[in-house]
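*Asks:* sequence and predicted model, in that order:
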There are 2 protein chains.
Amino acid sequence: MPEKIVNPSILPGFMELLPNEQILFNKMLDKIKNSYEKYAFLPIDTPVIEKSEILLAKGGGETEKQIYKVVKGDTDMSLRFDLTVPLARYVAMHFHELSFPFRRYHIGKVYRGEKNQKGRFREFYQADIDIIGNGELSIINDAEIPSVIYTTFKDLGFDNFTIKINNRKLLQGFFEYLGINNFHEVLRIVDKLDKIGIDKVERELLDIGVGKEKFEQIKNFIMFDGNNASTLTFLKELEIDNIHFQTGLDELKTITHYIEVFGVPKDNFKIDLTIARGLDYYTGTVYETFLNDYPKIGSICSGGRYDNLSEFYTNQKLPGVGISIGLTRLFYQLKEAGIISADDEELIKALIIPMENFLEPSIEISNKLRNNGISCQIYLEDAKMSKKLNYANKIKVPFVIIIGEEEVKNDVYTLKNMKTGEQTTNSIEEIINTLLAFK
Amino acid sequence: MPEKIVNPSILPGFMELLPNEQILFNKMLDKIKNSYEKYAFLPIDTPVIEKSEILLAKGGGETEKQIYKVVKGDTDMSLRFDLTVPLARYVAMHFHELSFPFRRYHIGKVYRGEKNQKGRFREFYQADIDIIGNGELSIINDAEIPSVIYTTFKDLGFDNFTIKINNRKLLQGFFEYLGINNFHEVLRIVDKLDKIGIDKVERELLDIGVGKEKFEQIKNFIMFDGNNASTLTFLKELEIDNIHFQTGLDELKTITHYIEVFGVPKDNFKIDLTIARGLDYYTGTVYETFLNDYPKIGSICSGGRYDNLSEFYTNQKLPGVGISIGLTRLFYQLKEAGIISADDEELIKALIIPMENFLEPSIEISNKLRNNGISCQIYLEDAKMSKKLNYANKIKVPFVIIIGEEEVKNDVYTLKNMKTGEQTTNSIEEIINTLLAFK
C-alpha cells in the first residue's frame, strides 16, 4: 500500500474526454483524415519535441512566450506549437527524397502555454494540409483548397457554412495606393474587425496615424458587400494602377472561377474583403470558414498562400498553400453549442450475456461476431442477471444477446434492441446480418 | 530573407518517416485499432503532459532517470513515459463516470530519455488495451487477452507467432517452496534468460545467494518443455503444497482451456515457465509474444494481470489485465528484418494529367472520382508531358489518366496501369469501378 494518495487530476487547459465523447471526437478526426486522403494528401508524423533552434528560428512574437521547454540532458528542446514549422523543417530536411508538388496532411497535437480561459486549450489537435511547390506553384492549387474545405465539412455533417476568401496582394496594393506604408500593422487591425467591430478598428487605425479620410476609404473598400461577380466588378472599376492590386485581382478572379469548377456550390464560398489573416507569412490567397448559424464560433478552418515555407532552413524557394483545422477547439465549441452530442455514440454493437453455466457457448457466439468484424463484448463477471442488464444500459450498447439453455438447445437466439425494447428470435447468421447492417 | 540558415534536423532517437513509410505505419496502426475495437475496447486519449507528482507517484527505478521534464510557469510537469500510469490516474479520476468492467484502448506517443542506440526510440507509440474491474475481475478476462493478441497479429498479416503465457503466483509459490525470499530479485534475473542465456542466469542467481542445488531445481522447473497438457501434468505432479503455487496452477489450467474456447489455435499459444516479466506490478497471468521466424526481435506484445491499478491515486481496489504493443520499435524491427516494406504502399489511386488547355475537364473528372471516395490528384502545374509522367513514376501512383481533346470529345478515357503498362479505354463509370475494385 502506498503511503500517500496523490489526488488524481490533470493540468488546467488540457482536454480529456470520457470514452463516449472520445468515440465522437475520433469519428470527426477520421472523417477529416479520409477527406484529406481523398484529395491525395499524404500523411506525415513529426516528433512532438524538436530542437528549440528549429522551432524558434523565426523568433519573436507571442510564440516564444507560449513555448513549453523540455529538459533532459544539455540540448535545448521544446514542444512544437504548430504543424507548420515542423513541415518547413521536414521539407527542407527531406527535400531530395520528396516529389514536388508535395501534398501532405498532418493531424497531431501541438502545445501553447496560453492564458487559461474557457475554450482555450494548451494541448490541442491541429489537422493541416499543405501543397508545396519547388520554386513555383500554380494558382490553381489555391482554388483546390476550398474544395477540400467544402468536402471535409460536408463529410462532418455541415451544410450551412461559408468559405470566405480574399487576397493579400490585393489588400497590399490597395493600401499602397492609399499611401499607407505600415501594411502589416494595418492588416493586423483590420483582421480584428470580426471580433472588435468597425468602431474600434477605426480608433486603432487613427491611433497608428491612418487619417480619417483614408480610414473611410478603407472602410468603403473592405465593407463592400455583394456576390462574387459584383465584388470582382467593384474591384475592377476602382481602376487602381498598382501591380500588387492588379495581380491580386487576377488571382482572385482566377480562383473564383476554378473553385466552382472544383464543385464548390456558390452558396458555400464568397469573396470577403475584410478577411486579412494577421499572420505575416501569407502573401496571396487567404481563407476563413464560418458556420453561418453559429457566427460566435468564429473561423473553423483558416489558411492561405505563402511564398517561402522553409526560408529559415534552406535556400530552396518553396511556395505553398494550406489550411488548418483546430480540432480540439472546434470539438469543444460544437459540443458547447449543442451542435454535436456524444449521447448516441456507440462503438460496441452487442453485449452478450451468458446465463449461469453458459459461458462457453457465449464465447463461441462472440467469436463468430468478431470474425465478421462486429464489435461485441461478453459479460464475463459472475453477477446476477439484473446487474448484467444494468451494465448493458450503462454502456448504452444497442443490442443485447442473452445465452442460456433454450438458446443453445435450439441454436436460435434472442436479439434485444435496447433502444426500442424490441426482441427478435434469430439464427446466428441473421444476428450477424442485422448487426452488420445496423448504422 | 533570414540572416542565418538553421540546419534542418531532428533530435537523435526520434523516428521520422517519409510519406510512403508513414502510409505503411498508419495502416498497421489502423489494423491494431480496428482489432481492439472489435473486442469492445473503448478509446481514450490523455494529455501527453501530466503533473510530475502523478507520473512519479510510484517513484524509484529507471523511470525517474528517463523522464522528460517540461518547463512553463511553476508547475512541475513531465511527459508521460507509458500509458499505464495515465490510465491509473484516468480511472481513479473518472471512477464515478465509468462502467466496470472498463475496457479501454489507448494508442499514443510516450517519452523515455533512453541511451541513444539503434532500434531504441525516445519517442514511441504504444498501443495498449486493459480491462479494469471494480473490486474484482474474472479470470476469464485473462483468457480473452490472448485472443485479442492472436486476432491483432493475424490482421497484421502474421501466422507463425506464439503467445507465451505463465503465471506469477505459480512462480512465487515455487520460489517460496524452495525457501527463496527475494522473489522479485530472482524473477528479474530469470526474466533475462532469453537475452543472457542460462549460464549467466546461473551466475547471477548464485551471486545473490541462491545455492547451486536450488538453481538446479529452478532450472529444471523453468526449462520444462512440453505441450500445454504435459506442462500442466508436470506442474500437478510436483505436488507442491503452497497456496500461491496451487492458485497459480488453477488459473493457468483455467485460462489454457478458455484461450482455446476463444478460438486461439493450439499452435499459437504455449505455457512457458521461463516467462517472468520483470515489472513488479504483475501478480498473476503474464504474456509475451514472439515471431517464431525472427526470435531476435524479442517479444512484440507483452502484459499481464495486476491486482491494483490505481493504488497511488485512490483507495478503490481496481484489478486489471492488459497488454501493450510497442509499435514504433516493432515497425522499425520489421522493416530492418525485411518483413515489411513501404515500396508498394500507395494511398493515391490515380494521377490525372491534363493536356494543355484541358485543365477544366480534368478537374471535373477528379470531382467524379472523389465523389466516389477515390483518392486522386490532378497534376496542376504547367509542365511538359515528360515531366508530368516522370512525377507519376516518382510518386508511384498505380494509375494515370491523361485528359486531352480526343478524350473529352468522345467522353472516353485511357486508364494506364503504371505497373503493368497496360492501357484500357473506358467510360468514366468504368474507370470508377476499376479504381474502386483496385486492391
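*Replies:* Thanks, I have it. Numbering: from 1, shown residues only, chains lettered A, B, ... in the order given.

*Asks:* switch to C-alpha atoms for all contacts and neighbour counts from now on
*Replies:* OK.

*Asks:* quick check: residues of the stretch 151-300 of chain A near chain B?
*Replies:* A:261, A:262, A:263 (Cα under 8 Å from any Cα of the partner chain).

*Asks:* that's a helix at residue A:221, yeah?
*Replies:* Yes: counting by DSSP: H, G, I helix; E, B strand; the rest coil, residue A:221 falls inside a helix.

*Asks:* count of neighbours near it?
*Replies:* Using other Cα atoms under 10 Å in any protein chain shown, the number of residues around residue A:221 comes to 17.

*Asks:* again with the one 5 residues further on
*Replies:* A total of 14 residues lie near residue A:226 under the criterion other Cα under 10 Å.

*Asks:* ok, now residue A:120?
*Replies:* Applying other Cα under 10 Å, we find 17 residues neighbouring residue A:120.

*Asks:* same thing with residue A:179?
*Replies:* If you count neighbours by other Cα under 10 Å, residue A:179 ends up with 12.

*Asks:* hang on, the earlier thing: who wins for neighbours among the residues of the stretch 151-300 of chain A next to chain B?
*Replies:* residue A:262 leads these on contacts (other Cα under 10 Å) with 23 neighbours.

*Asks:* that residue contacts residue B:363, doesn't it?
*Replies:* Yes: applying Cα atoms under 8 Å, one finds residue A:262 in contact with residue B:363, separated by 6.1 Å.

*Asks:* could you report the distance from whichever residue of the stretch 151-300 of chain A sits closest to chain B to residue A:408?
*Replies:* For the stretch 151-300 of chain A, the residue positioned closest to chain B under Cα to the nearest Cα is residue A:262, at a distance of 6.1 Å. Distance of residue A:262 to residue A:408, computed by Cα to Cα, to the nearest Å: 57 Å.

*Asks:* now swap in residue A:310 and tell me
*Replies:* Computed as Cα to Cα, the residue A:310 to residue A:408 distance reads 66 Å.

*Asks:* so which of the two has more stuff around it?
*Replies:* residue A:310 (24 against 13).

*Asks:* in a helix, the more buried one, correct?
*Replies:* No: using three-state DSSP, the assignment for residue A:310 is coil, not a helix.

*Asks:* go ahead and report the secondary structure state at the nearest residue to residue A:300 once chain neighbours are set aside.
*Replies:* Sequence neighbours aside, residue A:289 is the residue nearest to residue A:300 in space, at 5.5 Å (criterion: Cα to Cα, 6 or more residues apart in numbering or on different chains). Taking three-state DSSP as the rule, one finds residue A:289 in the strand state.

*Asks:* OK, contacts around residue A:289?
*Replies:* By Cα atoms under 8 Å, 6 or more residues apart in numbering or on different chains, residue A:289 lies in contact with A:161, A:162, A:163, A:164, A:299, A:300, A:301, A:302.

*Asks:* residues in contact with the first one?
*Replies:* Applying Cα under 8 Å, 6+ apart to residue A:161 gives the contacts A:268, A:289, A:290, A:291, A:292, A:293.

*Asks:* go again using 10 Å as the cut-off
*Replies:* Residues in contact with residue A:161, defined by Cα atoms under 10 Å, 6 or more residues apart in numbering or on different chains, are A:150, A:153-154, A:267-269, A:289-295, A:300.

*Asks:* again with residue A:125
*Replies:* By Cα under 10 Å, 6+ apart, the neighbours of residue A:125 are A:29, A:82-83, A:106-111, A:325-330.

*Asks:* which pLDDT value belongs to it?
*Replies:* Listed pLDDT for residue A:125 reads 98.

*Asks:* one more: residue A:62?
*Replies:* pLDDT, residue A:62: 75.

*Asks:* can you pull out the strands in the stretch 201-350 of chain A?
*Replies:* Ranges of strands in the stretch 201-350 of chain A, per DSSP state E, counting those that start in this stretch, are A:269-271, A:282-291, A:301-306, A:320-326, A:350-354.

*Asks:* any chance of those in JSON lines, plus distance to residue A:123 and mean pLDDT?
*Replies:* Shown next, in JSON lines, are those (distance: least, Cα to Cα, whole Å; pLDDT from 0 to 100):
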{"stretch": "strand A:269-271", "distance to residue A:123": "31", "mean pLDDT": "98"}
{"stretch": "strand A:282-291", "distance to residue A:123": "22", "mean pLDDT": "96"}
{"stretch": "strand A:301-306", "distance to residue A:123": "18", "mean pLDDT": "97"}
{"stretch": "strand A:320-326", "distance to residue A:123": "11", "mean pLDDT": "98"}
{"stretch": "strand A:350-354", "distance to residue A:123": "34", "mean pLDDT": "97"}
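
*Asks:* ok and the residue in the stretch 101-250 of chain A nearest chain B?
*Replies:* Counting by Cα to the nearest Cα, the stretch 101-250 of chain A gets nearest chain B through residue A:138, at 5.4 Å.

*Asks:* hmm, residue A:307 and that residue touching each other?
*Replies:* No: assessed by Cα atoms under 10 Å, residue A:138 is found out of contact with residue A:307, at 11.9 Å.

*Asks:* out of the two, which sits in the busier spot?
*Replies:* It is residue A:307, of residue A:138 and residue A:307, that has more neighbours when counted by other Cα under 10 Å, with 20 against 15.

*Asks:* where does the prediction get shaky in the stretch 1-150 of chain A?
*Replies:* A:1-3, A:60 (pLDDT under 70).

*Asks:* so where do the helices sit in it?
*Replies:* For the stretch 1-150 of chain A, applying DSSP state H, counting those that start in this stretch gives helices covering A:19-38, A:52-55, A:61-66, A:84-93, A:140-155.

*Asks:* and for the stretch 151-300 of chain A?
*Replies:* Shown for the stretch 151-300 of chain A, the helices assigned by DSSP H, counting those that start in this stretch span residues A:168-177, A:183-190, A:193-207, A:212-222, A:228-237, A:243-261.

*Asks:* looking at the ones you listed, spot the one closest to residue A:370.
*Replies:* helix A:243-261 (44.3 Å; Cα to Cα).

*Asks:* hang on, the earlier thing: farthest-separated two in the contacts of residue A:125?
*Replies:* Pairwise over the contacts of residue A:125, using Cα to Cα, the maximum falls at A:29 and A:111, 18.3 Å.

*Asks:* tell me how many other residues crowd residue A:275.
*Replies:* Neighbours of residue A:275 (other Cα under 10 Å): 23.

*Asks:* gap between the most centrally placed residue in chain A and residue A:106?
*Replies:* Residue closest to the mean C-alpha point of chain A, counted by Cα atoms, centre = their mean, is residue A:325 at 2.6 Å. Between residue A:325 and residue A:106 the computed distance is 11 Å (Cα to Cα).

*Asks:* quickly list what's touching both of those two.
*Replies:* A:125, A:126, A:127, A:128, A:129.

*Asks:* please report how far the last one lies from residue A:83.
*Replies:* To residue A:83, residue A:129 is 10 Å away according to Cα to Cα.

*Asks:* out of these two, which sits in the more crowded spot?
*Replies:* Counting neighbours by other Cα under 10 Å for residue A:129 and for residue A:83 shows that residue A:129 has the greater number, 27 against 23.

*Asks:* nearest residue to the more buried one other than its sequence neighbours?
*Replies:* Counting by Cα to Cα, 6+ apart, the residue nearest residue A:129 is residue A:105, at 4.3 Å.

*Asks:* which strand residues bridge that neighbour?
*Replies:* Taking DSSP bridges as the rule, residue A:105 bridges to residue A:43, residue A:129.

*Asks:* give me every residue that touches residue A:321.
*Replies:* Applying Cα under 10 Å, 6+ apart to residue A:321 gives the contacts A:103, A:129-133, A:137, A:139, A:141-145, A:282-286, A:303-307, A:309.

*Asks:* how about residue A:257?
*Replies:* Applying Cα under 10 Å, 6+ apart, we find residue A:257 in contact with A:140, A:143, A:228, A:229, A:251.

*Asks:* ok, which pair from these is furthest apart?
*Replies:* Farthest-apart pair in those is A:140 and A:229; separation 18.8 Å (Cα to Cα).
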